[in-house]
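> The sequence and its predicted three-dimensional model are supplied below.
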Amino acid sequence: MPTHRVSPEHPDPGIIQEAAALLRRGHLVAFPTETVYGLGAHAMDPQAVARIYAAKGRPAWNPLIVHVATADDVHAVAASWPEMARQLAEAFWPGPLTLVVPKRPDVPDSVTAGLPTVALRVPAHPVAQALLVAAAIPVAAPSANPSMALSPTRASHVARAFGDQVAMILDGGPTMVGIESTVVDVTGERPRLLRPGGIAPHVIEQVVGRLAVPDAAPTADAARSSPGMMERHYAPRARLLVFQAGSESAARQAMDDERHRGGVPGAVIWSDASAAGIPASGIVVRLPRGAAEYARRLYETLHGMDDQGCTLIALEAPPDEPGWEGVSDRVRRAATP
Ligand code: AMP
Ligand code: MG
């Protein structure tokens, strides 16, 4: 297993150099970012990029996020850098914000799924930073999970899915943000929120004003211009039932039914009411009532419940409040229709 443990703060330069050399030669390297683990490849090498799609089983129309070490490096992939991009990069990079800008012609079409735009980010994780500096190339890196499955927040999640398909996995411990980046399109007159994520919309609006939000229920075409909008995504293996706070009895009933059918029910809750209404026997996880802390543990918790053999997860809908958009979005997409 090509996993190398590295300190999340001060990764061993020798291992980073080895990983960087593999990337430069067109191999796949999985590495931690502050959001989730990424499956990285040389963004300007079409054969390397093809390996990402093959490993993930990712549809060719779903474009990748390109990672660079600093905001100065965007010009290797971006044809232009709109004023809004400059402002947002200054405010939030390095960090969990992805900016969609016009692409340079030499960025392979496979990276952008044929779109004239490219998604770019400077990650804040010291291991990702060290790797990007050492590699000195733009690195395309989607989340390191099979297409549609839960994103990985630990190296073990990556190893399980891709152990023999990647040249190296850098294990920098659990990720801090726990859900993917916020994606904002800055190619138009007004910024557009394509995917909520690690940075809350109202925080971004303090810098660039009102964010346009595409339709909540996108058409197939809209989903293709922003594949993060695909309805079912980020899903655990277990059936996932979302219940509203205050409807614990319905959740308890569904769990009882599942048990009688011979399944293994579990619950993910955050409120006092649910804690009182759902017996703590069995697999019940209570997540913190803070959006950032909740996000950090969401995928982690769902991975853990899959590992314990859960067949049904009853999940209490997160609070419908500003700051929870990223979490609510992932929960909605994880839900079994
Ligand atoms: P992942 O890296 O797996 O979290 O997914 C990448 C996400 O980046 C997609 O779901 C899209 O929302 C977004 N993305 C990447 N490239 C583009 C682009 N050129 N235009 C719009 N969205 C993009
Ligand atoms: Mg992904």
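Received it, and whenever you're ready, just let me know what you need. Ligands and ions are numbered 1, 2, ... in the order given.

> Show the model's pLDDT score for residue 246.
pLDDT, residue 246: 88.

> in this structure, which spans are helices?
13-24, 46-56, 83-92, 109-112, 126-135, 155-162, 201-208, 220-225, 248-260, 272-277, 291-307, 325-334 (DSSP state H).

> The ones you listed: which one's closest to residue 31?
Checking the helices of the chain against residue 31 by Cβ to Cβ gives helix 126-135 as the closest, at 5.4 Å. For glycine as for every other residue, the C-beta is placed from the backbone atoms N, C-alpha and C.

> what angle sits between that closest one and helix 13-24?
For helix 126-135 against helix 13-24, the angle by axes from the mean of the first three to the mean of the last three Cα atoms, to 10 degrees is 60 degrees.

> from here on, count from 40
Sounds good: first residue 40 from here, last item helix 165-174.

> Other residues contacting helix 165-174?
45, 47-50, 52, 55-56, 58-59, 62-63, 68, 70-73, 77, 79, 81, 106-108, 133, 162, 178, 209, 211 (Cβ atoms under 8 Å, 6 or more residues apart in numbering).

> mind checking how far that helix is from the chain centre?
19 Å (Cα atoms, centre = their mean, to the nearest Å).

> hmm, that helix touching ligand 1?
No - if you take Cβ under 6 Å from any ligand atom as the test, helix 165-174 misses ligand 1, and the best it gets is 13.2 Å.

> thinking again about what came up before, now the helices of the chain in JSON lines, with mean neighbour count and distance to ligand 2?
Compiled in JSON lines, those are given as follows (neighbours: other Cβ atoms under 10 Å; distance: least, Cβ to the ion, whole Å):
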{"stretch": "helix 52-63", "mean neighbour count": "18", "distance to ligand 2": "19"}
{"stretch": "helix 85-95", "mean neighbour count": "18", "distance to ligand 2": "8"}
{"stretch": "helix 122-131", "mean neighbour count": "18", "distance to ligand 2": "20"}
{"stretch": "helix 148-151", "mean neighbour count": "20", "distance to ligand 2": "15"}
{"stretch": "helix 165-174", "mean neighbour count": "23", "distance to ligand 2": "16"}
{"stretch": "helix 194-201", "mean neighbour count": "21", "distance to ligand 2": "12"}
{"stretch": "helix 240-247", "mean neighbour count": "14", "distance to ligand 2": "20"}
{"stretch": "helix 259-264", "mean neighbour count": "14", "distance to ligand 2": "14"}
{"stretch": "helix 287-299", "mean neighbour count": "16", "distance to ligand 2": "28"}
{"stretch": "helix 311-316", "mean neighbour count": "15", "distance to ligand 2": "29"}
{"stretch": "helix 330-346", "mean neighbour count": "20", "distance to ligand 2": "11"}
{"stretch": "helix 364-373", "mean neighbour count": "21", "distance to ligand 2": "11"}
